[in-house]
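Colleague: Here is my input, please return the structure:
(2 chains)
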Amino acid sequence: MNMYYITFRSVTTAQRAVRALEQAGVTSRMARTPNELIPDGCGYSVKVIESRFNAAIIILDKSRIQYGKVFFVMATGESREVFI
Amino acid sequence: MIYLDSAATTLQKPKSVHLAVQRAMQTMSSPGRGGHAAALRAGNALFSCREAACELFSVDNPEKVIFTMNATHGLNIAIKSLVGSGDKVVVSGYEHNAVMRPLNAIGADIVTADCPLFCEDAAAAAFAAKIDSETKAVICTHVSNVFGFVLPIDRIAEICKQNNVPLIIDASQSAGILPVDMSETGAAFIAMPGHKSLYGPQGTGLLLCGAEPKTLIEGGTGSNSALMSMPEFLPDRLESGTHNMPGICGLEAGIRFVIKQTTSAILRHESLLVDYAANALSGIKGVTVYSDTERSAGSSVLSFNIQDQDCEVLASKLSEQGYAIRAGLHCAPLAHKSAGTFQSGTVRMSVSVFNTRTEIAGFVKNVNKLSI
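Modeller: Below you'll find the predicted structure:
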């Protein structure tokens, strides 16, 4: 399944994001960010399925939860950065 | 044993705290490090505790809730973030060594806002008189750990706001009993232990951050690991190394216990016990009770002395009778100097939500026997 990885600077911010999305009815999961996607090493992402991505970004912006880079990761494993 | 030393640490904890500690030890690994279930479980537990603290202390963002080892740790971070050598700081006359020793070590210019015991108006006026454009920070205990004197922290916070001076609040004796409100006070930092009236395990504390902190220690945070400097963002900036997961899980259970009981109910219960003790002890010949005779204690701490009896010897005798109390200077020599008890020290009893009127009655009876 294609997923969006929304990266965060800290695990706590990622947790805030999961909470905000949950409260708004968007299912998400926290996971370690794949190493190749982050230059500074070690971080957490919130994974959202493709169809819920737009809603997720709107919710995070509304909640003023700062996120980092966003990546679209295909089921094949290929990834590309997404610019919002 | 009748435990009356909750100002040092609460011994009796809610059952939920014990269970939470045990669960953490059995199921949680290091948070913010791995992506496996045990790590994520730990991470979620940390976040849940931050949320509980936000609820109890009116903090707008869980990222501003920092886990510390105790209030002393938090106060050191706060003080060393704001104060440098030679900087003028204004403190109350009732501060604990957790405030005074770091200030002394830094070489701060310490100005004391002196006031008599239990005089809130005098306390507020003293702060207003001492704070000026040169003041780098104000540090104030919310409740004296020796005398239970509740300082007018809201008024002092207002004076600080008017003068644009950051305020550090030592909530060691108030967190879990009195309202401690980050948003109302606009404090730069509020430090508290987890193991007193929040009923968490020893080795826990919270620092609520309203201002930019400096690091006290540096190390691994599980974030930005390729960089050699500590993250700029909270909470990571102040939380390097592995968290005390059993402690923090127990702390969350304690906070939720307090939220469920409500601080107003806890305060009512505890201050009634202290008022009862103060009135009863005052009636014993030779006993000096350090309390406000005009109104309720409004806290859970009470100090007293018996004429011509060494306070430590008295405490020892009471301990032999089964009463756990503390005597001496209580790590707060400044408080004793302000109250005139520096030479003698005092015997201090301090209650928790688990103490009863029957226990206090028995305590008073034993003090009476020893006074003869």
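Colleague: Now stretch B:226-233: average pLDDT?
Modeller: Mean per-residue pLDDT for stretch B:226-233: 88.
Colleague: go on, stretch B:303-322?
Modeller: 94.
Colleague: Could you check stretch A:24-38 against chain B for contacts?
Modeller: Yes: residues of stretch A:24-38 contacting chain B under Cβ under 8 Å from any Cβ of the partner chain: A:30-32. Backbone N, C-alpha and C define where each C-beta goes, glycine included.
Colleague: Would you mind pulling the contact partners of that stretch?
Modeller: Stretch A:24-38 is contacted from outside by A:5, A:7, A:11, A:14-15, A:17-18, A:21-22, A:41, A:43-49, A:52, A:55-56, A:59, A:68-69, A:71, A:73, A:79, B:34-35, B:40, B:43, using Cβ atoms under 8 Å, 6 or more residues apart in numbering or on different chains.
Colleague: what's the pLDDT at the residue most central in space within chain A?
Modeller: Centroid-nearest residue in chain A: A:I6, 1.9 Å away (criterion: Cα atoms, centre = their mean). A:I6 carries a pLDDT score of 96 in this model.
Colleague: Tell me what it is bridged to.
Modeller: A:V46, A:V70 (DSSP bridges).
Colleague: residue contacts, it?
Modeller: Neighbour list for A:I6: A:17, A:45-48, A:56-57, A:60, A:67-68, A:70 [criterion: Cβ under 8 Å, 6+ apart].
Colleague: circling back: of the residues of stretch A:24-38 next to chain B, closest to B:A188?
Modeller: Distance to B:A188, by Cβ to Cβ, is smallest for A:M30 among the residues of stretch A:24-38 next to chain B, at 31.2 Å.
Colleague: For the helix or strand hosting that closest one, buried residues please.
Modeller: Per DSSP states H and E, A:M30 falls inside strand A:29-32. Going by neighbour count (16 or more other Cβ atoms under 10 Å in any protein chain shown), the buried part of strand A:29-32 is A:30, A:32.
Colleague: Sheet partners, orientation included, of it?
Modeller: As defined by DSSP bridges, the strand partners of strand A:29-32 come to strand A:44-49 (antiparallel).
Colleague: for the strand it pairs with, which positions count as buried?
Modeller: Buried residues in strand A:44-49, defined by neighbour count with 16+ other Cβ under 10 Å: A:44-48.
Colleague: what would those look like in JSON lines with pLDDT?
Modeller: Output for the buried residues of strand A:44-49, formatted as JSON lines (pLDDT from 0 to 100):
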{"residue": "A:Y44", "pLDDT": "89"}
{"residue": "A:S45", "pLDDT": "92"}
{"residue": "A:V46", "pLDDT": "96"}
{"residue": "A:K47", "pLDDT": "95"}
{"residue": "A:V48", "pLDDT": "96"}
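Colleague: Among the residues you listed, give me the pair with the biggest separation.
Modeller: Across the buried residues of strand A:44-49, the longest distance by Cβ to Cβ is 13.6 Å; it joins A:Y44 and A:V48.
Colleague: picking up where we left off before, closest one of the residues of stretch A:24-38 next to chain B to B:I139?
Modeller: Taking Cβ to Cβ as the measure, B:I139 lies nearest A:M30 of the residues of stretch A:24-38 next to chain B, at 38.0 Å.
Colleague: what mean pLDDT does the strand holding A:M30 have?
Modeller: Averaged across strand A:29-32, the pLDDT comes to 90.
Colleague: May I have the phi/psi pair for B:L238?
Modeller: B:L238 adopts backbone torsions of phi -110, psi 0, taken as degrees, to the nearest 10.
Colleague: Which pLDDT value belongs to it?
Modeller: Confidence score, pLDDT, at B:L238: 96.
Colleague: can you pull the alpha-carbon coordinates of the strand holding A:M30 into CSV?
Modeller: Output of strand A:29-32 as CSV, limited to C-alpha atoms (Å, rounded to 0.1, in the frame of the first residue of the first chain):
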residue,chain,number,x,y,z
ARG,A,29,0.6,5.1,12.9
MET,A,30,3.8,6.2,14.3
ALA,A,31,7.0,4.6,13.0
ARG,A,32,10.7,5.2,12.9
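Colleague: Centre of the chain to it, how far?
Modeller: Mean-position distance between strand A:29-32 and its chain equals 8 Å (Cα atoms, centre = their mean, to the nearest Å).
Colleague: Name the residues contacting each of A:Y44 and A:V48.
Modeller: By Cβ under 8 Å, 6+ apart, no residue touches both A:Y44 and A:V48.
Colleague: residue boundaries of the strands in the stretch 51-200 of chain B?
Modeller: Ranges of strands in the stretch 51-200 of chain B, per DSSP state E, counting those that start in this stretch, are B:65-68, B:88-92, B:109-113, B:135-141, B:167-170, B:189-193.
Colleague: Direction included, what does the fourth one pair against?
Modeller: The one in question is strand B:135-141. Applying DSSP bridges, you get strand B:88-92 (parallel), strand B:167-170 (parallel) as the partners of strand B:135-141.
Colleague: could you check the angle strand B:189-193 makes with that strand?
Modeller: Using axes from the mean of the first three to the mean of the last three Cα atoms, to 10 degrees, one finds that strand B:135-141 and strand B:189-193 are set 30 degrees apart in direction.
Colleague: got the angle for strand B:135-141 vs strand B:109-113?
Modeller: Going by the same axes, to 10 degrees, strand B:135-141 makes 50 degrees with strand B:109-113.
Colleague: Mind listing what's buried along strand B:135-141?
Modeller: B:135-141.
Colleague: export the residues you listed to a markdown table and tack on pLDDT?
Modeller: Shown next, in a markdown table, are those (pLDDT from 0 to 100):
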| residue | pLDDT |
| --- | --- |
| B:T135 | 98 |
| B:K136 | 98 |
| B:A137 | 98 |
| B:V138 | 98 |
| B:I139 | 98 |
| B:C140 | 98 |
| B:T141 | 98 |
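Colleague: for chain A, what are the nearby residues on the stretch 101-250 of chain B?
Modeller: Residues of the stretch 101-250 of chain B lying near chain A (Cβ under 8 Å from any Cβ): B:221-227, B:231, B:233-236.
Colleague: how far is stretch B:212-230 from where the chain is centred?
Modeller: Centroid displacement of stretch B:212-230 relative to its chain, using Cα atoms, centre = their mean, is 27 Å.
Colleague: To clarify, my last question referred to stretch A:65-74.
Modeller: Computed by Cα atoms, centre = their mean, the chain-centroid distance of stretch A:65-74 equals 5 Å.
Colleague: got the residue ranges for the strands in chain A?
Modeller: A:3-8, A:29-32, A:44-49, A:70-73, A:79-82 (DSSP state E).
Colleague: Dump these into TSV; add distance to B:V351 as well.
Modeller: TSV is the format used below for the strands of chain A (distance: least, Cβ to Cβ, whole Å):
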stretch	distance to B:V351
strand A:3-8	44
strand A:29-32	42
strand A:44-49	43
strand A:70-73	54
strand A:79-82	58
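Colleague: Pull up the gap between A:F72 and chain B, please.
Modeller: According to Cβ to the nearest Cβ, to the nearest Å, A:F72 stands 20 Å off from chain B.
Colleague: for the residue lying closest to that residue once chain neighbours are set aside, what are its contacts?
Modeller: Using Cβ to Cβ, 6 or more residues apart in numbering or on different chains and skipping residues adjacent in sequence, the residue nearest A:F72 is A:V82, 5.1 Å away. A:V82 is in contact with A:4, A:70-72, counting by Cβ under 8 Å, 6+ apart.
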